[in-house]
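**Q** this one's structure only:
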């Protein structure tokens with residue numbers, strides 16, 4: 001018989017990122033620059 005997946009899970013845990021993780025991603029995205037030259041794309045990371 002087919003298994004029904006309509007039951008809700010008993011414990012739903014909210015997954016929240018750490019503050020350090022968010023800061024790392026934001027800093028990385030601020031430092032990343034994409035330069036398009038002809039048909040090529042170059043990713044530059046300025047620290």
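**A** Structure received. All values reported here derive from a predicted model rather than from experimental measurement.

**Q** which pLDDT value belongs to the residue nearest the centre of the chain?
**A** The centroid of the chain falls nearest to residue 25 when counting by CA atoms, centre = their mean (7.9 Å). Per-residue pLDDT puts residue 25 at 94.

**Q** mind checking how far it is from residue 47?
**A** Distance of residue 25 to residue 47, given as CB to CB, to the nearest Å: 15 Å. Placement of C-beta: from N, CA and C, glycine included.

**Q** what do you get for residue 23?
**A** In terms of CB to CB, residue 23 sits 15 Å off from residue 47.

**Q** of the two, who's got more company?
**A** residue 23 (11 against 4; other CB atoms under 10 Å).

**Q** residues in contact with that one?
**A** Residue 23 is in contact with no residue at all, counting by CB atoms under 8 Å, 6 or more residues apart in numbering.

**Q** am I right that it falls within a helix?
**A** Yes: using DSSP: H, G, I helix; E, B strand; the rest coil, the secondary structure at residue 23 is a helix.

**Q** burial of residue 46, as a residue count?
**A** Other residues close to residue 46 by other CB under 10 Å number 7.

**Q** just checking, it touches residue 35?
**A** No: applying CB atoms under 8 Å as the test, residue 46 and residue 35 come out as separate, 11.4 Å apart.

**Q** which residues do the two both contact?
**A** Counting by CB under 8 Å, 6+ apart, nothing touches both residue 46 and residue 35.

**Q** list the helices and strands the host helix or strand of residue 35 packs on?
**A** Assigned by DSSP states H and E, residue 35 falls within strand 32-37. Judged by 3 or more CB pairs under 8 Å, 6 or more residues apart in numbering; DSSP states H and E, strand 32-37 is in contact with strand 40-45.
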